[in-house]
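*Asks:* sequence plus predicted model, see below.
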Amino acid sequence: MAVNELLAIGMFISFMTLVFTGFPVAWILGGLSVIFTALAIVLEVDFNVAIGVDWDYTSLSVDRIWNVMENWVMVALPMFIFMGLMLDRSGIAKALMTNFSQLFGGIRGGLAITVTIIGLLLAATTGIIGASVVLLALLGLPAMLGQGYDKSLASGTVCAVGTLGILIPPSIMLVLMADRMSMSVGDLFLGAVFPGLLLGSLYILYILVYGWLKPESAPASSSGAASWSLVIGLFRAIVPPAFLILAVLGSIFFGVATPTEAAGVGAAGAMLLAWMNNTLNFEVLKEVLYETTKTTAFIFAVLLGATAFSLVLRGLGGDEIIERTLFGLPFGANGILICILLATFVLGFFLDWIELTLIILPLVSPVVMNLGFDPVWFTILFAVCLQTSFLTPPVGFAIFYLKGVAPEGIDVQTIYHGVLPFIALQLLGLLIIFNWQQVVTWLPAQAYGQN
C-alpha cells in the first residue's frame, strides 16, 4: 500500500478517535487537514516520497468554501431554522395537543397517537429535532404518564416522533444533502414525503398493536364522545400549520417559488402565526434570532471543516481507497449498497448526522452513481438510515434532549428501552424503501411529468 494511502487511512482513523474526546468537530476536521498536509510535506521533502499534497493544494479549500457560501440554496438553511424555532414558541402545538387528545383519547394508545400526529405536523413545519423532542416531551409526556402509560412507550414515542423533522420536508438535512450531491432541493423534498409518512404510519400501527396487546400500558382516557365543538376546535387548530405547510412546500412543489424563497415565506409565516397567538414580542424574537444564529454557525463551522478535511482526504487518495474497497466486495450492486447503509447505521452510533452527511455521503455517492442507482432514491435511503443516529447510543441526541426535560422517574435506561422498537421500525421502513423504489421516486416523477 502506498504512503499516501496509509496517510488517508490514518487521517480517517484519527477523526474517528478524536470525536470521542468531546472536542468541537469543526476544529477536529480543520485541524486534521492542516496536520496531515504538514505531514505529507515532511515526507515528500525529507524522505523523497511523492504524495502531491502541499499547502498550494490545501489552499483550494478557500475556493471550495467560497463556492459553498455563495450558494443561494444554503440561504434557506437559517430561514428554515428560524421558522422552526419561531413555531416552537407560537403555541400552535399546545392547541393541537388539546384537541387531538380529545379526539383520540378514547382509543387505547390514543395519547401516543396524538403525540405522533402532532410530531408529523411539527416535522412539516419545524424540522428542528431538539425543539420538536423538547416540545413533545413537555406537552405529551406528562399527559401520557398521568394516564398510566408505560414509561418506556411514552419516552420512546416522544424520541422517535421528534426525529421525523430531520426527514420530512422542509428538512435542513435534505438542504445540506442537496448541496453536497449537487441535486435539486425540490427533488429531495418530494422524494422524502412518502418515506416520512411511512415512518409515521409504522409508529401509529405499532402503538395500536401495543395498546391492543398491553391495554394496561397504553390505556384509553375517559374523554367524551366527539362533538361538533370538538371538530370545530380541531379544525381551528389544524388550519394555521396546514396553511404554513401549503405555503412553504406547495410553493416549492408547484414551481411557484424556489426553496430559498419558500424558506423566507415560512419564516414570515411563522412570525405571523406567533403574532396571531399573542406570543410574539421583542424577547421572543431576540431569543429566536440568537438560537438561529448559533445553530447556523455550528452547521457552517462543521461544513467548512468538512470541506478542508474532504479535500485533503481526496488528495491522499481516500476516495479511491473507498471506491476500490467497495467494488472489491464479493457482492453485486445491491450487496454493495447494503454494506454502505450498514456502515452508515453503525457510524450513526458515534457520529452526528451532520458529519455523516458532509463527510461520508460525498465519499460513497460516486460509487453508488457508478452502480446505476437513482440518486434521489439513494439519498433518501441514506437520510432514512441517518434517522437511527438520533436514537442509537451513545450519541443519540434525541435521547439526551428528552432526558434534559423528562419528569422524575424517566432515566436514560428507560429511554433506551423505549426507543429500541422504534429503531426496529425505522429499519423496517428502510427495508420497505429499499425494495420498493416507487415510495421515493413516484411523487417526483408525477410532479415533473415523467413515466
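*Replies:* It's in. What you see is a predicted model, and the numbers here were worked out from it, not measured in a lab. Numbers count the residues shown, from 1 in each chain.
*Asks:* so where's the protein uncertain?
*Replies:* Scanning the chain for pLDDT under 70 picks out 1, 126-127, 222-228, 394-395, 448-451.
*Asks:* how far does the longest helix along it sit from its chain's centre?
*Replies:* Identified as the longest helix of the chain according to DSSP state H is helix 282-315. Put simply, helix 282-315 sits 15 Å off its chain's centre (C-alpha atoms, centre = their mean, to the nearest Å).
*Asks:* residue contacts, the spatially most central residue of the chain?
*Replies:* Geometric centre of the chain, nearest residue: Ile166, 2.8 Å, by C-alpha atoms, centre = their mean. By C-beta atoms under 8 Å, 6 or more residues apart in numbering, the contact set of Ile166 is 127, 129, 172-173, 353, 383, 386-387, 390. From N, CA and C alone the C-beta is placed, and that goes for glycine too.
*Asks:* how far away is Ile107 from Gly418?
*Replies:* Distance, Ile107 to Gly418, using C-beta to C-beta, to the nearest Å: 20 Å.
*Asks:* so the two - more neighbours on which side?
*Replies:* Gly418 (24 against 18; other C-beta atoms under 10 Å).
*Asks:* related to what we said a few turns ago, for the residue nearest to the centre of the chain, phi and psi?
*Replies:* When read as degrees, to the nearest 10, the backbone of Ile166 gives phi -80, psi -10.
*Asks:* quick check: it vs Ile92, distance?
*Replies:* Ile166 is 20 Å from Ile92, by C-beta to C-beta.
*Asks:* with Met271 instead?
*Replies:* 13 Å.
*Asks:* counting neighbours, go ahead and name the busier of the two.
*Replies:* Legend: neighbour count by other C-beta under 10 Å for Met271 and Ile92, higher for Ile92 (27 against 19).
*Asks:* give the contact list for that one.
*Replies:* Ile92 is in contact with 237, 240-241, 273, 277, counting by C-beta under 8 Å, 6+ apart.
*Asks:* and the closest residue to Gly269 other than its chain neighbours, what helix or strand is that in?
*Replies:* Nearest-residue entry for Gly269: Leu244, 4.7 Å, with adjacent residues in sequence omitted and distances by C-beta to C-beta, 6 or more residues apart in numbering. Leu244 is located in helix 228-245, with elements delineated by DSSP states H and E.
*Asks:* what is that helix packed up against?
*Replies:* When contacts are defined as 3 or more C-beta pairs under 8 Å, 6 or more residues apart in numbering; DSSP states H and E, helix 228-245 sits against helix 92-104, helix 110-123, helix 259-276.
*Asks:* buried sites along the first one?
*Replies:* Looking back up the chat, that one is helix 92-104. Neighbour-count burial for helix 92-104 flags 92-93, 95-97, 99-104 (criterion: 16 or more other C-beta atoms under 10 Å).
*Asks:* cool, and the last one?
*Replies:* Of the residues in helix 259-276, those with enough neighbours to count as buried (16+ other C-beta under 10 Å) are 259-274.
*Asks:* closest to Asp63 among those?
*Replies:* Thr260 (22.5 Å; C-beta to C-beta).
*Asks:* tell me which residues touch the closest one, please.
*Replies:* Here Thr260 is in contact with 72-73, 75-76, 79 (C-beta under 8 Å, 6+ apart).
*Asks:* just Leu18 next, same as before
*Replies:* Applying C-beta under 8 Å, 6+ apart, one finds that Leu18 lies in contact with 28, 32.
*Asks:* same question for Asn99.
*Replies:* By C-beta under 8 Å, 6+ apart, the contact list for Asn99 reads 230, 233-234, 237.
*Asks:* which one of these is nearest Ile410?
*Replies:* Ranked by distance to Ile410 (C-beta to C-beta), the contacts of Asn99 are led by Ala237 at 27.3 Å.
*Asks:* now the angle from the longest helix of the chain to helix 259-276?
*Replies:* Counting by axes from the mean of the first three to the mean of the last three C-alpha atoms, to 10 degrees, helix 282-315 lies at 160 degrees to helix 259-276.
*Asks:* one step back: give me the distance between the residue nearest to Gly269 and Trp442.
*Replies:* Leu244 sits 25 Å away from Trp442, going by C-beta to C-beta.
*Asks:* neighbour count winner among those two?
*Replies:* Between Leu244 and Trp442, counted using other C-beta under 10 Å, Leu244 has the larger neighbour count: 24 against 16.
*Asks:* right, and the more buried one touches Leu121 too?
*Replies:* No - Leu244 sits out of contact with Leu121 when judged by C-beta atoms under 8 Å, with a separation of 9.8 Å.
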